[in-house]
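Participant: show me the folded form of this:
(chains A and B)
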Amino acid sequence: DQQVKQNSPSLSVQEGRISILNCDYTNSMFDYFLWYKKYPAEGPTFLISISSIKDKNEDGRFTVFLNKSAKHLSLHIVPSQPGDSAVYFCAASAWGNAGNMLTFGGGTRLMVKP
Amino acid sequence: DSGVTQTPKHLITATGQRVTLRCSPRSGDLSVYWYQQSLDQGLQFLIQYYNGEERAKGNILERFSAQQFPDLHSELNLSSLELGDSALYFCASSEGGPRTGELFFGEGSRLTVL
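Facilitator: Down below sits the predicted model:
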């Protein structure tokens, strides 16, 4: 049972344009969401997060939007740069889960073309 | 550099064998998490330890076991290896409180079972 889903395995975007990566979840207990970026041969690195009390969080070129009623979140990258090419994972946790156990989606491979 | 160290980086072994993967968390982090990433899959949570004690268990096979030592490093033991155990195994660490934000991942140990 996949509680966090990223339905697009890959996305190709032109440099300078907007990249939109999507994520859906099914567990209504999730109340904290994160995006991680992963380059080849490296571990995932934290990018941005959002609490369920917000619907938007922005950090530079990266903005995460949360739609609780739709159980959907998205990551916007504007403008996209070739260095953003990586695999992006969304993750979620629920208050009351032991520690910080995160449930990850399957990832979306973003390719930003120069 | 996340501060999380995993060894070995690569490991090739045969079916039926046993291997041990090691993880040193970031300085000061009390929680250690193990995740498995099979080919083109998301990160599957295996197990979490907090200050030496098991805190949460995910989809970890009975052939797998882990422990966290007094110096907080952790080991993941995989036994009776099967071809399907070939994967990237990531260790992550965090401060370990109820909600302390993101996890910090190591670079992973790539296990190949032949």
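Participant: any weak-confidence spans in chain B?
Facilitator: B:40, B:96-101 (pLDDT under 70).
Participant: what's the answer for chain A, then?
Facilitator: A:1, A:95-100.
Participant: helices of that one, start to end?
Facilitator: For chain A, no helices are identified by DSSP state H.
Participant: what does it put close to chain B?
Facilitator: A:4, A:6, A:9, A:32, A:34, A:36, A:41-46, A:49, A:89, A:91, A:93, A:95, A:97-107 (C-beta under 8 Å from any C-beta of the partner chain). To be clear about C-beta, it is placed using only N, CA and C from the backbone, and glycine gets the same treatment.
Participant: and A:Leu75, how close does it get to B:Arg18?
Facilitator: Computed as C-beta to C-beta, to the nearest Å, the A:Leu75 to B:Arg18 distance reads 40 Å.
Participant: just to revisit the earlier point, are any of the residues of chain A next to chain B buried, and which?
Facilitator: Buried members of the residues of chain A next to chain B, scored by 16 or more other C-beta atoms under 10 Å in any protein chain shown, are A:4, A:6, A:32, A:34, A:36, A:43-44, A:46, A:49, A:89, A:91, A:93, A:97, A:99-107.
Participant: more crowded one of A:Leu75 and B:Arg18?
Facilitator: A:Leu75 (23 against 11; other C-beta atoms under 10 Å in any protein chain shown).
Participant: go ahead and confirm that one touches A:Val64.
Facilitator: Yes. Counting by C-beta atoms under 8 Å, A:Leu75 touches A:Val64, with 5.4 Å between them.
Participant: can you tell me the closest non-neighbouring residue to B:Glu82?
Facilitator: B:Thr15 (6.0 Å; C-beta to C-beta, 6 or more residues apart in numbering or on different chains).
Participant: where does that neighbour land in three-state SS?
Facilitator: When classified by DSSP: H, G, I helix; E, B strand; the rest coil, B:Thr15 comes out as coil.
Participant: common neighbours of A:Leu75 and A:Val64, please.
Facilitator: The contact sets of A:Leu75 and A:Val64 overlap at A:Trp35, A:Ile48 (C-beta atoms under 8 Å, 6 or more residues apart in numbering or on different chains).
Participant: residues in contact with the helix or strand harbouring B:Ala92?
Facilitator: Using DSSP states H and E, the element containing B:Ala92 is strand B:87-94. Under the contact criterion C-beta under 8 Å, 6+ apart, strand B:87-94 has outside partners A:43-44, A:99-100, B:3-4, B:6, B:21, B:23, B:25-26, B:29, B:31-39, B:43, B:74, B:76, B:100-106, B:108-111.
Participant: just the ones in strands from these, please.
Facilitator: Among these, the ones falling in strands (DSSP state E) are B:6, B:21, B:23, B:31-37, B:43, B:74, B:76, B:104-105, B:109-111.
Participant: near chain A too, which of those?
Facilitator: Counting by C-beta under 8 Å from any C-beta, the members of the ones in strands among the contacts of strand B:87-94 near chain A are B:Ser31, B:Tyr33, B:Tyr35, B:Leu43, B:Phe104, B:Phe105.
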